[in-house]
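Visitor: Sequence and predicted structure are below.
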Amino acid sequence: MMIEPRKPTSEQLVACEICLKEVPLSEANCAEAVEYVLYFCGLECCELWREQEAQAKREREEGKV
């Protein structure tokens, strides 16, 4: 089986905030944070990030961090 090389595109790629997989900007899911935008390769990574943020917030409120 022959693997075809990636064809160059002019579309901008962004890295998923969780798994760092590069995806085209047009296909990325995003979440707007306070001063920046985060990109995710799919809903699973986006939900994982939300869970991590919620856990970090709970820990800050409890004085653990």
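Guide: Arrived safely, thanks for sending. Numbering: from 1, shown residues only.

Visitor: show me where this structure has strands.
Guide: In the chain, the strands defined using DSSP state E lie at 13-15, 22-24, 29-32, 37-40.

Visitor: Quickly compare the ones you listed and say which is most buried.
Guide: strand 37-40 (a mean of 18; mean count of other C-beta atoms under 10 Å). No exception for glycine: its C-beta is placed from N, CA and C like everyone else's.

Visitor: got the contact list for that one?
Guide: 14-18, 23, 25, 28-32, 46, 49 (C-beta atoms under 8 Å, 6 or more residues apart in numbering).

Visitor: do that again at 6 Å, thanks
Guide: Residues from elsewhere that reach strand 37-40 (C-beta atoms under 6 Å, 6 or more residues apart in numbering): 14, 16-17, 28-31, 46.

Visitor: for stretch 45-65, same thing?
Guide: With C-beta under 6 Å, 6+ apart as the criterion, stretch 45-65 contacts 16-19, 29, 40.

Visitor: in this protein, what spans have low per-residue confidence?
Guide: The chain contains residues with pLDDT under 70 at 1-2, 4-9, 33-34, 64-65.

Visitor: how deep is Lys21 tucked in, by neighbour count?
Guide: Neighbour count of Lys21, defined by other C-beta atoms under 10 Å: 14.

Visitor: how about the closest residue to it other than its chain neighbours, phi and psi?
Guide: Spatial nearest neighbour of Lys21, chain neighbours left out: Cys41 (4.6 Å); criterion: C-beta to C-beta, 6 or more residues apart in numbering. As for Cys41, its main-chain torsions (degrees, to the nearest 10) stand at phi -70, psi -20.

Visitor: Report how many residues lie close to Cys41.
Guide: 20.

Visitor: Identify the residues contacting it.
Guide: Contacts of Cys41 (C-beta under 6 Å, 6+ apart): 16, 21, 23.

Visitor: can you do 7 Å?
Guide: Applying C-beta atoms under 7 Å, 6 or more residues apart in numbering, we find Cys41 in contact with 16, 19, 21, 23, 28.
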